[in-house]
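*Asks:* sequence plus predicted model, see below.
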Amino acid sequence: MERSFIPINIALLTVSDTRTLDNDTSGKVLREGLLSAGHQLAAQQIVADDTYQIRSIISQWIADPDVHAVITTGGTGLTGRDGTPEAVQVLLDKEIAGFGELFRQISFQTIKTSTIQSRAIGGVANGTFIFCLPGSSGACKTGWNDILREQLDARHRPCNFIDLIPRLLEK
């Protein structure tokens with residue numbers, strides 16, 4: 001049986017102290033990827049590398065029933081200002097450990113052992129999927145093209161995240 005594509009609403013958050021909408025190449029990669037796949041851009045913002053500002057924006061999106069997924073770019077490294085995983089993990093109801101693991105496995109093919117510096121994570125909060133990617137446009141291409149594009153497509157088999165959306169809030 002042929003399945004139909006189901007568009008979802010995805011919000012994008014760039015975490016950076018220096019990027020603007022004009023020079024946010026990573027946000028542009030993700031926006032173009034989700035739009036070309038047929039999804040809707042629910043919102044797009046840039047926020048400073050600040051744990052509480054990141055949490056505030058993502059909390060608003062996970063409270064909004066019209067936002068089905070959030071993708072962040074930036075703040076996943078090891079420097080003192082990189083705090084996206086710490087900002088997001090406390091919001092998650094469930095972590096998707098395989099997301100970060102697979103991202104690093106795929107990245108190894110390109111950047112070799114430098115992939116261990118990536119703290120990409122994924123999870124679910126209040127029925128909203130959240131994926132945190134590194135800030136480089138290459139990492140965003142990898143995350144979108146090699147993982148998220150298929151997992152956010154109801155036609156992908158044997159399973160995908162879209163099939164789970166109606167069941168995420170079951171108790």
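*Replies:* Here it is on my side, so go on.
*Asks:* distance of the residue lying closest to Gly83 once chain neighbours are set aside from Glu170?
*Replies:* Nearest in space to Gly83, with sequence neighbours left out and distances taken as CB to CB, 6 or more residues apart in numbering, is Thr51 at 4.6 Å. Every C-beta, even on glycine, is put in place using the N, C-alpha and C of the backbone. With distances defined as CB to CB, to the nearest Å, the gap from Thr51 to Glu170 amounts to 30 Å.
*Asks:* now swap in Ile8 and tell me
*Replies:* For Ile8, the distance to Glu170 under the criterion CB to CB works out to 19 Å.
*Asks:* go on, Asn9?
*Replies:* As judged by CB to CB, Asn9 and Glu170 stand 21 Å apart.
*Asks:* between these two, which one's more packed in?
*Replies:* The residue with the greater number of neighbours, taking Asn9 and Glu170 and applying other CB atoms under 10 Å, is Asn9; the counts read 18 against 6.
*Asks:* backbone dihedrals for that one, please?
*Replies:* Phi and psi for Asn9, reported as degrees, to the nearest 10, are phi -100, psi 120.
*Asks:* pretty sure it contacts Gln40?
*Replies:* Yes. With contacts counted by CB atoms under 8 Å, Asn9 reaches Gln40, the gap being 4.9 Å.
*Asks:* A strand includes Thr76, no?
*Replies:* No. Note on Thr76: no strand contains this position according to DSSP: H, G, I helix; E, B strand; the rest coil, which reports coil.
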